[in-house]
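Colleague: turn this into a structure:
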Amino acid sequence: MNIHFIAIGGAAMHNLAIALHLKGNNISGSDDEIFEPSRSRLEKYTLLPEEFGWFPDKLSRNLDAVILGMHAREDNPELLKAKALNLPVFSYPEYLYEQSKAKTRVVIGGSHGKTTITAMVLHVLQELGYAPDYMVGSKLDGFDVMVRLSDDAKIMVLEGDEYLSSPIDRRPKFHLYKPNIALLSGIAWDHMNVFPTFEIYKAQFAKFIDLIEKDGTLVYCKTDQNVLEIAKNRREDIRAFAYGACDSMIINKQTYIVFEAKRFPLKVFGDHNLQNINGARYVCQALGIKPLDFFKAISTFAGTSNRLELLGENKNTKIFKDFAHSPSKLRATTSAVKNQFDKYMLLACMELHTFSSLNKDFLSQYKGSMNDADIPVVYFNPETIAHKKLAPLTVDDVNNAFENKDLLVFTDTEKLRLFLINQKWTQLNLLLMSSGNFGGLDYHALADDILENSI
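Modeller: Residues are numbered from 1 along each chain as shown. Sure, this is the predicted structure:
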């Protein structure tokens, strides 16, 4: 097939383009800017556009499909050309559904944990000899491409993002997948630029449950009151499994799952990961995998990129980075590191970077979210706020929202870097949390400097 991508450089879009290329399709694409790692990965597969911009001449009646990315606009000249030619235009979730109609679709949804749970399910399936198709939103160890499409796979595992599908399809992505097996990890308000109230946001998850196929399965987190509320109103034909955290113990800073009098050592830690593992276990159980086989396989799961990723360590300190940015993620990640290394102090540093987090109307949601840190630090970049065309924030705004008397607030990257380097890094761990990069902070150089100073 001949398939053209409008905005091919997106995180999911470029992976789908590569997957369809590897399946033997002829792929073309355009974008006005492409950043790493998308750029290098597209170049590796000879899919990088020769020049950046929009070129309607790339569109012709020879195309079998056009896939439209969220980065494009409604008046994109290539999209207008596709419409003029009456070409079939898909969002990428819409196209993934078309490719998986004959498969058992597993969709992992929720405001937090969905990438990790998707990765856990995929890891176990791979360890046990399955070869599922999949789409996941983060780089996983052992996976070259984050989308796999084949003709022979019987299972498709999809990370179910609640953000919008495309500029011309305002449905949340996970509404398009129609799962046979669905997981819902939690509901905590996000994306207020699209869902201006929490009730509107929560309603998207209720619809996600209602879109489960007839006689399907719902796995849901029983410790989240918002999830409980909508899960109890599910259709009668939907089978349901509620989960909390696995039984576990920590011995010498090593976390073990305890199941049927057996211990399974883990490479990940924290209550949120023990909860994620149990959710993944029930998903795999719905696919026919026995619990003991699951726990043996999950013991070799090392986590996902940017999720509690260890940047460096010595006897005095450990340095982690994490994608956490929403209030619920901050609480879970900060608590996980503090509890796992309870003999160490914790300096937790987060960046307000997303549209929601930089919005004064949302900021109060962060109240108490970093209270488990011994030294809580918040950074925000006034230039990012201006770029997003939001009202300016002040240091007092942040302090008032977090309601933490120990909170330190920075707006200058270099001052933050010097503050971190000059700490006494003895029995003190560092946790960096952001969906950005603290205004261009070099994580690895920072970790090297800290480790050198802590010897």
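Colleague: CA atoms for contacts and neighbours, from now on please.
Modeller: Noted.
Colleague: end-to-end on stretch 417-430?
Modeller: 12 Å (Cα to Cα, to the nearest Å).
Colleague: doesn't residue 36 belong to a strand?
Modeller: No. Assignment of residue 36 by DSSP: H, G, I helix; E, B strand; the rest coil gives coil, placing it outside any strand.
Colleague: what's the spacing between it and residue 398?
Modeller: Counting by Cα to Cα, the gap from residue 36 to residue 398 is 31 Å.
Colleague: now do residue 52
Modeller: 39 Å.
Colleague: which other residues reach stretch 41-60?
Modeller: Stretch 41-60 has contacts (Cα atoms under 8 Å, 6 or more residues apart in numbering) with 4, 14, 18, 27-33, 39, 76-78, 81-82, 85.
Colleague: average pLDDT for it?
Modeller: In this model, stretch 41-60 has a mean pLDDT of 96.
Colleague: what residues sit buried inside that stretch?
Modeller: Neighbour-count burial for stretch 41-60, counted by 16 or more other Cα atoms under 10 Å, picks out 41, 42, 47, 48, 49, 54, 55, 59.
Colleague: dump those to CSV, plus secondary structure and distance to residue 191.
Modeller: As requested, these are exported to CSV (DSSP: H, G, I helix; E, B strand; the rest coil; distance: Cα to Cα, whole Å):
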residue, secondary structure, distance to residue 191
41, helix, 28
42, helix, 29
47, coil, 31
48, coil, 30
49, coil, 31
54, coil, 28
55, coil, 31
59, coil, 33
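Colleague: sorry, back to before: which members of the contacts of stretch 41-60 are positioned in helices?
Modeller: 14, 18, 39, 77, 78, 81, 82 (DSSP state H).
Colleague: just the buried residues of the contacts of stretch 41-60.
Modeller: Counted by 16+ other Cα under 10 Å, these give 4, 14, 18, 27-31, 39, 76-78, 81-82 as buried.
Colleague: per-residue confidence at residue 36?
Modeller: Listed pLDDT for residue 36 reads 85.
Colleague: gap between it and residue 431?
Modeller: 24 Å.
Colleague: more crowded one of the two?
Modeller: More crowded of residue 36 and residue 431, by other Cα atoms under 10 Å: residue 431, with 24 against 10.
Colleague: so what touches the helix or strand harbouring the more buried one?
Modeller: Per DSSP states H and E: residue 431 is located in strand 428-433. Contacts with strand 428-433, where a contact means Cα under 8 Å, 6+ apart, come from 316-325, 330, 334, 337, 344-351.
Colleague: tell me which of the residues you listed fall in strands.
Modeller: Using DSSP state E, the members of those that fall in strands are 318, 319, 320, 321, 322, 345, 346, 347, 348, 349, 350, 351.
Colleague: got the residues you listed as a markdown table, with distance to residue 280 columns?
Modeller: Compiled in a markdown table, those are given as follows (distance: Cα to Cα, whole Å):
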| residue | distance to residue 280 |
| --- | --- |
| 318 | 28 |
| 319 | 27 |
| 320 | 24 |
| 321 | 23 |
| 322 | 21 |
| 345 | 31 |
| 346 | 29 |
| 347 | 31 |
| 348 | 28 |
| 349 | 29 |
| 350 | 28 |
| 351 | 29 |
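Colleague: quick check, nearest of those to residue 146?
Modeller: residue 322 (19.1 Å; Cα to Cα).
Colleague: hang on, the closest one packs against residue 304?
Modeller: No. Residue 322 lies out of contact with residue 304 (Cα atoms under 8 Å); the separation is 9.8 Å.
Colleague: which one of the two is surrounded by more residues?
Modeller: For residue 322 and residue 304, the more surrounded residue by other Cα under 10 Å is residue 322, and the numbers stand at 22 against 19.
Colleague: what about the more buried one, distance to residue 162?
Modeller: Using Cα to Cα, residue 322 is found at 20 Å from residue 162.
Colleague: burial check on residue 181, number of neighbours?
Modeller: Close neighbours of residue 181, defined as other Cα under 10 Å, add up to 25.
Colleague: burial count for residue 437?
Modeller: Count around residue 437 with other Cα under 10 Å applied: 16.
Colleague: what residues are up against it?
Modeller: By Cα under 8 Å, 6+ apart, the residues touching residue 437 are residue 351.
Colleague: and the helices in the stretch 201-350 of the chain?
Modeller: 225-231, 271-286, 291-298, 327-340 (DSSP state H, counting those that start in this stretch).
Colleague: and the residue nearest the centre of the chain, what pLDDT?
Modeller: The chain has residue 115 as the residue nearest its centroid, 4.5 Å off, counting by Cα atoms, centre = their mean. Confidence at residue 115, expressed as pLDDT, is 91.
Colleague: phi, psi of it?
Modeller: Backbone torsions for residue 115, taken as degrees, to the nearest 10, come to phi -60, psi -40.
Colleague: check the one 3 residues further on too.
Modeller: As for residue 118, its main-chain torsions (degrees, to the nearest 10) stand at phi -60, psi -40.
Colleague: pretty sure it contacts residue 136?
Modeller: Yes. Counting by Cα under 8 Å, residue 118 touches residue 136, with 6.8 Å between them.
Colleague: which residues do these two both contact?
Modeller: Residues touching both residue 118 and residue 136 by Cα under 8 Å, 6+ apart: 158, 159.
Colleague: report how many residues lie close to the closest residue to residue 325 other than its chain neighbours.
Modeller: Nearest residue to residue 325, sequence neighbours excluded (Cα to Cα, 6 or more residues apart in numbering): residue 434, at 5.4 Å. For residue 434, the count of nearby residues is 21 (other Cα under 10 Å).
Colleague: show the pLDDT at residue 434.
Modeller: pLDDT for residue 434: 92.
Colleague: can you pull the contacts of it?
Modeller: Taking Cα under 8 Å, 6+ apart, one finds 321, 322, 323, 324, 325, 350, 351, 352, 353 in contact with residue 434.
Colleague: top of those by neighbour count?
Modeller: Of all those, the highest neighbour tally under other Cα under 10 Å goes to residue 350, namely 27 neighbours.
Colleague: got phi/psi on residue 158?
Modeller: Backbone torsions of residue 158, given as degrees, to the nearest 10, read phi -130, psi 130.
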